[in-house]
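> sequence and predicted structure are below.
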Amino acid sequence: MSVETPKAQDVVEDVTVWLANEFSTKLSPSAVGAIVRATHRDLKDQIVPEAIGEMLHRLARDRIARVVQVL
C-alpha cells in the first residue's frame, strides 16, 4: 500500500481557498494567499510531505488570526 502525497501547489491552493473564505470579512484573498505561501516556504522540507496539508492549514490560520487581531 502506498501513500499518495498531494502536490504542493494543490495543497497551497486548497488551504488558501479555505482560509480566504474563513477570513473573508477581515482580509483580502490576496493577503491570505501571501500568508499561506510564506507559511508553506517556512514548512517545506521541515516536515514529512504527508503532513504538509494539515500543518500548513494550522500554522497559516494561526498567523492570519494574529494579523487580524492586530488590525
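Thanks, I have it.

> just the helices in the protein please.
8-22, 29-43, 52-70 (DSSP state H).

> and those as CSV, adding mean neighbour count and mean pLDDT?
Where C-beta positions appear, they are placed from N, C-alpha and C, glycine not excepted. Formatted as CSV, the helices of the chain follow (neighbours: other CB atoms under 10 Å; pLDDT from 0 to 100):
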stretch, mean neighbour count, mean pLDDT
helix 8-22, 16, 96
helix 29-43, 17, 97
helix 52-70, 16, 96
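
> residues in contact with A8?
H40, K44, I52 (CB atoms under 8 Å, 6 or more residues apart in numbering).

> pick the one among those closest to I64.
H40 (13.4 Å; CB to CB).

> separation between the closest residue in space to the closest one that isn't next to it in sequence and T25?
Excluding the flanking residues, the one nearest H40 by CB to CB, 6 or more residues apart in numbering is V12, at 5.2 Å. For V12, the distance to T25 equals 22 Å [CB to CB, to the nearest Å].

> just V67 next, same as before
Separation of V67 from T25 (CB to CB) stands at 14 Å.

> overlap in contacts, those two.
In contact with both V67 and T25: no residue, using CB under 8 Å, 6+ apart.

> just the C-alphas of stretch 47-55, formatted as CSV.
Only the C-alpha atoms of stretch 47-55 are listed here, as CSV (Å, rounded to 0.1, in the frame of the first residue of the first chain):
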residue,chain,number,x,y,z
ILE,A,47,8.0,18.2,8.0
VAL,A,48,7.1,15.0,6.2
PRO,A,49,5.2,15.6,3.0
GLU,A,50,2.2,13.6,4.2
ALA,A,51,1.6,16.1,7.0
ILE,A,52,2.0,19.3,4.9
GLY,A,53,-1.7,19.9,4.4
GLU,A,54,-2.7,19.8,8.0
MET,A,55,0.3,21.7,9.3
